[in-house]
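**Student:** below are the sequence and a predicted model; questions follow.
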Amino acid sequence: MKVGKRRLRRFVAGELNHVYQRTLKGFNIFYDRYDYLLYYTVFSVLSRCYGLTVLGLCLMENHIHSLIQTENKDSLSRFMDHCSSVFVREYNFSIGRKGALLQKRFGSAPKIGSKKMRTAIAYLFNNPVEKLLTDTAECYRWNFLAYAQSSHPFSKDIPNRKMSRALKRAVQEVDAARAVNNHLKYNQLKRFFSRLSEDEVECLTDYIIVKYSPFDYEHLISHYGSYQNLLIAVNSNTGSEYDIKEEFNPFSDIAYDKMKRILTEMGFSPVRSVIMLSSEEKFHVMKYLHAKTDASSRQIAKFLHLNLNA
């Protein structure tokens, strides 16, 4: 059923809903770990405030997937609007930007029955595999699947007695923020990580993700009997979900990681600040990235927030 040219948002109370949201014009929004952790902690804090049950979340370059259960459609709508508003406000303030980043209207599709639920689960966790970012779903940090089994899947476990003073202070501040249900902000994240070694950066990232975890992993795993069965099912089935039409692109999303590294070497700090360049400056950067990477023109344009149709 349609209202005008827009579909009615589908929702079934108490059932698993695949919730998805795209960025405006398909532009990228996640450039470094600060961007991912900002959205993640905002999502985590607000999902608790709105009483949502979260089974999954996957942050991609220019879109977001989640698996959410709630009895109230209005709660889901208010949560999504609130989450987007807080994230975009913090994001814009960090680089002196104004305006929207995410499409106002998000999508929601209920998954009723075991088969549809498993298909949705496989689809969400396999997004990075489909984009050639990883070989297996659990190897992608930002779908948070590996954290269902381990508290430090991407880092060395550093005992408290071996932590540096800087890492101990960061852990204490994370604990304090989480205790009062506050999300982390860019200035905090920058201060935490700037004082740490490479191993400590990875350790703190894992710690923040576990500390703020909004996921009901027990509920998720119950659909498969065990974590190992979940991995086998997810990695043997890429899913066939069509709620959100994924853009076909013959180039791997790994090109975005290459562009991030290049801009870091060029002195862009934070990398997201590149989107504040003038159109003329962006075209110069685009030519340079073309020469240095295998990225397509469309990928580079999305990365730079450059409208090629303008």
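**Tutor:** Yes, it's here. Numbers count the residues shown, from 1 in each chain.
**Student:** what sits closest to the most centrally placed residue in the chain if chain neighbours are left out?
**Tutor:** Taking C-alpha atoms, centre = their mean, the centroid of the chain lies closest to Leu59, which sits 2.1 Å from it. The shortest distance from Leu59 to any non-neighbouring residue, by C-beta to C-beta, 6 or more residues apart in numbering, is to Trp142 (4.3 Å). All C-beta spots, glycine's among them, are computed from the backbone N, C-alpha and C.
**Student:** and His63, by the same measure?
**Tutor:** That would be Arg22: by C-beta to C-beta, 6+ apart, it lies 4.7 Å from His63.
**Student:** over to Thr205?
**Tutor:** Sequence neighbours aside, Arg33 is the residue nearest to Thr205 in space, at 6.0 Å (criterion: C-beta to C-beta, 6+ apart).
**Student:** related to what we said a few turns ago, just checking, what packs against whichever strand or helix holds the residue nearest to His63?
**Tutor:** If you go by DSSP states H and E, Arg22 is part of strand 16-22. Under the contact criterion of 3 or more C-beta pairs under 8 Å, 6 or more residues apart in numbering; DSSP states H and E, strand 16-22 touches strand 63-69, helix 73-95, strand 107-111, helix 114-125.
**Student:** pick the most deeply packed of these.
**Tutor:** strand 63-69 (a mean of 23; mean count of other C-beta atoms under 10 Å).
**Student:** now do that one and helix 114-125, the angle between them.
**Tutor:** 150 degrees (axes from the mean of the first three to the mean of the last three C-alpha atoms, to 10 degrees).
**Student:** pLDDT on strand 63-69, on average?
**Tutor:** Averaging pLDDT along strand 63-69 gives 96.
**Student:** do a quick rundown of the helices in this structure.
**Tutor:** Using DSSP state H, the helices found in the chain span residues 33-49, 73-95, 114-125, 127-130, 165-179, 186-194, 198-211, 217-222, 227-235, 254-265, 279-292, 297-304.
**Student:** quick one: Arg178 from Arg48, how far?
**Tutor:** According to C-beta to C-beta, to the nearest Å, Arg178 stands 10 Å off from Arg48.
**Student:** and for Ser77?
**Tutor:** Taken as C-beta to C-beta, the span from Ser77 to Arg48 is 17 Å.
**Student:** give me the beta-bridge partners of the nearest residue to Glu15 once chain neighbours are set aside?
**Tutor:** Excluding its sequence neighbours, the residue lying closest to Glu15 (C-beta to C-beta, 6+ apart) is Pro110, at 4.7 Å. Counting by DSSP bridges, Pro110 is bridged to Asn17.
**Student:** would you agree Pro110 is in contact with Ala13?
**Tutor:** No - with contact defined as C-beta atoms under 8 Å, Pro110 does not reach Ala13; the gap is 9.0 Å.
**Student:** now do stretch 43-57, average pLDDT.
**Tutor:** Mean per-residue pLDDT for stretch 43-57: 97.
**Student:** mind listing what's buried in that stretch?
**Tutor:** 43-47, 50, 52-57 (16 or more other C-beta atoms under 10 Å).
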